[in-house]
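Peer 1: I'll drop the sequence and a predicted model, then ask my questions.
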Amino acid sequence: MSEETLATETTSETSTDTTSETATNSQNAFYERASELIKLANQQNQDPAIKTGEISASFMWAVARYNAWFASTSFETQAQMQPKKQEMMDYYMERYKEMLEANLDDYIENFDHYRATQK
């Protein structure tokens with residue numbers, strides 16, 4: 001094997017490792033941000049005057065509000081945004097459905113463990 005071939009393979013391996021490491025770091029950051037939001041919900045849930053369903057509703061509204069703002073950043077004008085409304089709604093609803101289904105499946109699979117840690 002020539003030095004040039006070895007150098008090329010080593011660079012490719014390093015590039016793949018770096019890409020994989022970046023993806024892992026990004027995924028970790030994703031879950032850390034989500035955990036911070038869950039911690040906030042859990043803190044609010046300690047107040048007996050606040051019903052758990054009210055916290056859930058507030059979080060859903062906040063996510064909807066944030067995503068509406070985020071979606072708007074892709075456009076220069078209201079006229080550009082309006083015709084894309086249904087497409088954006090479909091995208092966000094499908095992503096939410098996927099995430100909710102995955103989490104419900106996880107809770108069903110680990111029901112006894114999760115409920116035991118919540119008492």
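Peer 2: Perfect, thanks for sending it.
Peer 1: the chain: helices as residue ranges?
Peer 2: 3-45, 52-72, 78-81, 85-109, 111-117 (DSSP state H).
Peer 1: can I get the ones you listed in a markdown table with mean pLDDT and mean neighbour count?
Peer 2: Yep, even glycine has a C-beta here, placed from its N, CA and C like the rest. Shown next, in a markdown table, are the helices of the chain (pLDDT from 0 to 100; neighbours: other C-beta atoms under 10 Å):
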| stretch | mean pLDDT | mean neighbour count |
| --- | --- | --- |
| helix 3-45 | 77 | 10 |
| helix 52-72 | 97 | 12 |
| helix 78-81 | 98 | 10 |
| helix 85-109 | 97 | 11 |
| helix 111-117 | 90 | 10 |
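Peer 1: neighbouring contacts of stretch 56-74?
Peer 2: L37, A41, M81, M88, Y92 (C-beta atoms under 8 Å, 6 or more residues apart in numbering).
Peer 1: from the chain's centre, how far out does it sit?
Peer 2: 13 Å (C-alpha atoms, centre = their mean, to the nearest Å).
Peer 1: kindly report the same for stretch 61-80.
Peer 2: 17 Å.
Peer 1: one more: stretch 18-38?
Peer 2: Distance, centroid of stretch 18-38 to centroid of chain: 9 Å (C-alpha atoms, centre = their mean).
Peer 1: again, but for stretch 62-82
Peer 2: 18 Å.
Peer 1: mind checking the end-to-end distance for it?
Peer 2: End-to-end span of stretch 62-82 (C-alpha to C-alpha, to the nearest Å): 21 Å.
Peer 1: chain center to stretch 31-41: distance?
Peer 2: 10 Å.
Peer 1: repeat for stretch 87-95
Peer 2: 14 Å.
Peer 1: same question, stretch 100-117
Peer 2: 18 Å.
Peer 1: measure it end to end?
Peer 2: Span of stretch 100-117 from end to end, C-alpha to C-alpha: 21 Å.
Peer 1: which residues does F75 contact?
Peer 2: F75 touches M81, K84, counting by C-beta under 8 Å, 6+ apart.
Peer 1: look up how far D47 lies from the residue nearest the centre of the chain.
Peer 2: The centroid of the chain falls nearest to F30 when counting by C-alpha atoms, centre = their mean (6.0 Å). To D47, F30 is 28 Å away according to C-beta to C-beta, to the nearest Å.
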